[in-house]
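Student: Sequence plus predicted model, see below.
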Amino acid sequence: MSPNDATTLAPQHAGILPGKPQPFYLDNGQGEKSVVFDTLFTILLTGDETDDQYDVFSCEGNAGDIIPAHIHPFTHEIFFVMDGAVHLWMDDEKGFKDDHVLTSGGFGYVPKGTIHAFRMEATSKIMGVSSAGFARFFHAMGRPTDKPGIPSPEEFYIPPFEQMKAAGELYGTVFRPDYNFLED
C-alpha cells in the first residue's frame, strides 16, 4: 500500500478528495486539513488524483519559528507565497547555499536532495506543490482538523518525536538536527 493511498486516511479525511483522476472542485477552506505545530496544512490534490504525478497543498500560519532543517531524498518541492512573507533557506551541498525572503507572489523551488528550512516572517499562506505521495506527510506529522484557517494556540499540535520519526520514514523526510541555517 502506497503512503499516498486514500485507504490509509484518518476518518476525518476520507471522501474529501475523489481518490482517483476525475474533475472536482474545492471551495475556500476545503480539503484534507491537519495542524502541525502552529500551522494548518490543507491537502488539495494528491497522487491519487494525478496518476502519481504531483501533490498540491497549502499551509498557513502566523510568524513563528524556523521549521527544522530537513531533506527529501525523493521529493521535489515548490513554495509559492500567496500572502505574507516566508524566509526560505536551501543548501544543495553542491555549491548552492542561499536564503531568501519570499513575499506575496514569490516562488522557490527545492529540488530533491536539497537541505532546506523555512520560517513564516508574517501571517502567511503558501501554496505547495510536491512530487506525488509526499503531501500526506503533514497528516502523519499532525492532528486532523475540520476547522479552516490559522490554528489558535489551544489548537496547536506538537508531535511527539516518535511520530515525527515515523512520518519521516514513511514519507521520505530526513530531519537534520546537526544542520542549523541560523548559525551561518
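Tutor: The structure has been received and is ready for your questions.
Student: Double-check that Asp55 belongs to a helix.
Tutor: No. Assignment of Asp55 by DSSP: H, G, I helix; E, B strand; the rest coil gives strand, placing it outside any helix.
Student: What residue, apart from its backbone neighbours, is nearest it spatially?
Tutor: Ala135 (3.6 Å; C-beta to C-beta, 6 or more residues apart in numbering). Where you see a C-beta, it was placed from the backbone N, CA and C, and this is true even at glycine.
Student: For the one you found, give me its contacts.
Tutor: By C-beta atoms under 8 Å, 6 or more residues apart in numbering, Ala135 lies in contact with Asn4, Ile43, Thr46, Asp55, Val56, Phe57, Gly128.
Student: 10 Å - rerun?
Tutor: 3-4, 32, 41-47, 54-57, 75, 77, 128-129, 171 (C-beta atoms under 10 Å, 6 or more residues apart in numbering).
Student: Can you list which of those residues are found in strands?
Tutor: 32, 41-45, 54-57, 77, 128-129 (DSSP state E).
Student: Can you name the next helix or strand after whichever helix in the chain runs longest?
Tutor: Identified as the longest helix of the chain according to DSSP state H is helix 161-171. Following helix 161-171 in sequence order, the next helix or strand is strand 174-175 (DSSP states H and E).
Student: ok, that next one: who's next to it in the sheet?
Tutor: When pairs are called by DSSP bridges, strand 174-175 turns out to pair with strand 70-71 (antiparallel).
Student: Quick check: the closest residue in space to Thr123 that isn't next to it in sequence vs Glu121, distance?
Tutor: Of all residues not flanking Thr123 in the chain, Asn62 sits nearest, at 5.0 Å (C-beta to C-beta, 6+ apart). The spacing between Asn62 and Glu121, counted by C-beta to C-beta, to the nearest Å, is 10 Å.
Student: can you list residues touching both of these two?
Tutor: With contacts defined as C-beta under 10 Å, 6+ apart, the residues shared by Asn62 and Glu121 are Gly84.
Student: Got phi/psi on Lys125?
Tutor: Torsion angles at Lys125 (phi, psi; degrees, to the nearest 10) stand at phi -130, psi 130.
Student: beta partners for it?
Tutor: Applying DSSP bridges, one finds that Lys125 bridges with Glu60, Asp83.
Student: Do I have it right that it meets Gly84?
Tutor: Yes. At 6.4 Å, Lys125 counts as touching Gly84 under the criterion of C-beta atoms under 10 Å.
Student: what is in contact with those two at once?
Tutor: With C-beta under 10 Å, 6+ apart, Lys125 and Gly84 have common neighbours Glu60, Gly61, Ser104.
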